[in-house]
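Participant: curious how this folds, go ahead:
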Amino acid sequence: MNFLGEKIDTIVDEFLKKIDTNWQPSDFLPDTSSTDFTGELKALQSECKELPYDYLAVLVGDIITEEALPTYQSWLTDVTGIDKMNPEGWHKWVRMWTAEENRHGDLLNKFIYLSGRINMKQMEISTQHLIADGFDIGTGRDPYLNFVYTSFQELATNISHRRTASIAKSHGCSQLSKICGVIAADEARHAKAYKSFVASIFELDASEMMLAFEDMMRKKIVMPAHFLRQAGEKIGQAYDHFSDAAQRLGVYTGSDYTDILESLIKEWKVADFSNLTDKAEKARDYLMALPDRYRRVAGRDQKPKLAYQFNWIN
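Facilitator: Have a look, this model is predicted:
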């Protein structure tokens, strides 16, 4: 982790935006102090009327995922090799990354509340459950595993928010489309940062980084909301149904998972490393063959059918 501590200011400046000039949720919401607020609210609700059921289910699942930010911050500050008493270095990155991410849930939560389409109390119960339940993503405290996970996950959330932006636009909800679009742009920048961390580790410790990449892909990347549930349900009971809705809409699919994996293999130049240990060579062979294997399996998959009633949706 020393490579981060030595140049954290440069990393922050490259991948995060200045707070005073960055966008804030209020930039995209009706101004409650304006004399036009009632008209703006009616226009927002009118735009949201045509959003379909699956879309609302996916959007709420995305919001709950974003709102569980306390879990992600506490996880990232517990990585092995971190001096928790040092306010600089890795901790500075985590704090500033968290500050950017915090805007996402704030904005989407306020927008969906104003839309009038969502049972806010039920959504809030699910959010509290997800934070209380935490997650088990298979990384432990290992920084190599954690950076593979964050690289993959930020790319996945970028895809999800870009797709929700496109679908909102297709249903005439232009403001929600803009909101999902700016959030997707943040996720893309964050993905670049985490990918650069892994690239730096590959330069310093290629064999161990290769083994960590293989380890995460054998476990499979689980989404941070994999414990998602509604009131009265068991841990994780709502997640599969949320995932099914995302697949039906084409918001995030098995093909996207494979595309992300393939992009990371290319980005990190996995095929080009020499002088790997025998174990790391085998790990690379496994990784190089994995995208084609996934595509063969994906060709046999069918879109899941609608089979779930979410209590989040009015």
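Participant: going by C-alpha atoms from here, please, whenever you check contacts or count neighbours.
Facilitator: Noted.
Participant: can you classify Glu50 by secondary structure?
Facilitator: coil (DSSP: H, G, I helix; E, B strand; the rest coil).
Participant: that one: neighbouring residues, count only.
Facilitator: Neighbours of Glu50 under the rule other Cα atoms under 10 Å: 13.
Participant: now Ile235: how far from Tyr149?
Facilitator: Distance, Ile235 to Tyr149, by Cα to Cα, to the nearest Å: 22 Å.
Participant: neighbour count: the two, which is higher?
Facilitator: Tyr149 (23 against 15).
Participant: wait, what's in contact with the more buried one?
Facilitator: Thr139, Met216, Ile221 (Cα atoms under 8 Å, 6 or more residues apart in numbering).
Participant: got these as CSV, with pLDDT and distance to Ala184 columns?
Facilitator: Shown next, in CSV, are the contacts of Tyr149 (pLDDT from 0 to 100; distance: Cα to Cα, whole Å):
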residue, pLDDT, distance to Ala184
Thr139, 96, 24
Met216, 98, 24
Ile221, 96, 19
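Participant: in helices, which of these fall?
Facilitator: Met216 (DSSP state H).
Participant: mind listing the helices for the stretch 51-200 of the chain?
Facilitator: Listed in chain order, the helices of the stretch 51-200 of the chain (DSSP state H, counting those that start in this stretch) span 53-67, 69-76, 90-115, 120-133, 143-170, 174-204.
Participant: who's in contact with the fourth one?
Facilitator: Read that as helix 120-133. 60, 64-65, 67-71, 113, 225, 227-231, 235, 311-312.
Participant: if you set the cut-off to 10 Å instead, what comes out?
Facilitator: Residues from elsewhere that reach helix 120-133 (Cα atoms under 10 Å, 6 or more residues apart in numbering): 60-61, 63-72, 109, 112-113, 224-233, 235-236, 238, 310-314.
Participant: go on, the second one?
Facilitator: The list of residues contacting helix 69-76 from outside it, by Cα under 10 Å, 6+ apart, reads 66, 82, 90-91, 93-95, 97-99, 101-102, 104-105, 130-135, 139-141, 143, 146-147, 150, 224.
Participant: just the buried residues out of these, in ChimeraX syntax.
Facilitator: Per 16 or more other Cα atoms under 10 Å, the buried members of these correspond to this ChimeraX selection:
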select :66,82,90,91,93,94,95,97,98,101,102,104,105,130,131,134,135,139,143,146,147,150,224
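Participant: which ones are touching the residue nearest the centre of the chain?
Facilitator: Centroid-nearest residue in the chain: Thr157, 3.5 Å away (criterion: Cα atoms, centre = their mean). Counting by Cα under 10 Å, 6+ apart, Thr157 touches 62, 65-66, 163, 183-184, 186-188, 191, 223, 251-252.
Participant: nearest to Ile19, out of the residues you listed: which one, please.
Facilitator: For the contacts of Thr157, the minimum distance to Ile19 (Cα to Cα) is 13.1 Å, reached by Asp186.
Participant: surely that closest one is in contact with Lys17?
Facilitator: Yes: under the criterion of Cα atoms under 10 Å, Asp186 makes contact with Lys17 at 9.3 Å.
Participant: quickly list what's touching both of the two.
Facilitator: Trp97, Glu100.
Participant: circling back: pipe the contacts of Thr157 into CSV and attach pLDDT per row.
Facilitator: Formatted as CSV, these follow (pLDDT from 0 to 100):
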residue, pLDDT
Asp62, 98
Thr65, 97
Glu66, 98
Arg163, 98
Ile183, 98
Ala184, 98
Asp186, 98
Glu187, 98
Ala188, 98
Ala191, 98
Met223, 94
Val251, 97
Tyr252, 96
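Participant: list the buried residues for stretch 255-265?
Facilitator: For stretch 255-265, the neighbour count (16+ other Cα under 10 Å) marks Ser255, Asp256, Tyr257, Thr258, Asp259, Ile260, Leu261, Glu262, Leu264, Ile265 as buried.
Participant: what average pLDDT does that stretch get?
Facilitator: For stretch 255-265, the mean per-residue pLDDT is 97.
Participant: restricting to C-alpha, output that stretch in PDB.
Facilitator: Output in PDB follows, covering the C-alpha atoms of stretch 255-265 (Å, rounded to 0.1, in the frame of the first residue of the first chain):
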ATOM      1  CA  SER A 255     -22.900 -10.700 -20.800                       C
ATOM      2  CA  ASP A 256     -22.000  -7.500 -19.100                       C
ATOM      3  CA  TYR A 257     -20.200  -9.500 -16.400                       C
ATOM      4  CA  THR A 258     -18.200 -11.200 -19.100                       C
ATOM      5  CA  ASP A 259     -17.400  -8.000 -20.900                       C
ATOM      6  CA  ILE A 260     -16.100  -6.400 -17.700                       C
ATOM      7  CA  LEU A 261     -13.900  -9.400 -17.100                       C
ATOM      8  CA  GLU A 262     -12.500  -9.300 -20.600                       C
ATOM      9  CA  SER A 263     -11.900  -5.500 -20.400                       C
ATOM     10  CA  LEU A 264      -9.900  -6.000 -17.200                       C
ATOM     11  CA  ILE A 265      -7.800  -8.800 -18.700                       C
END
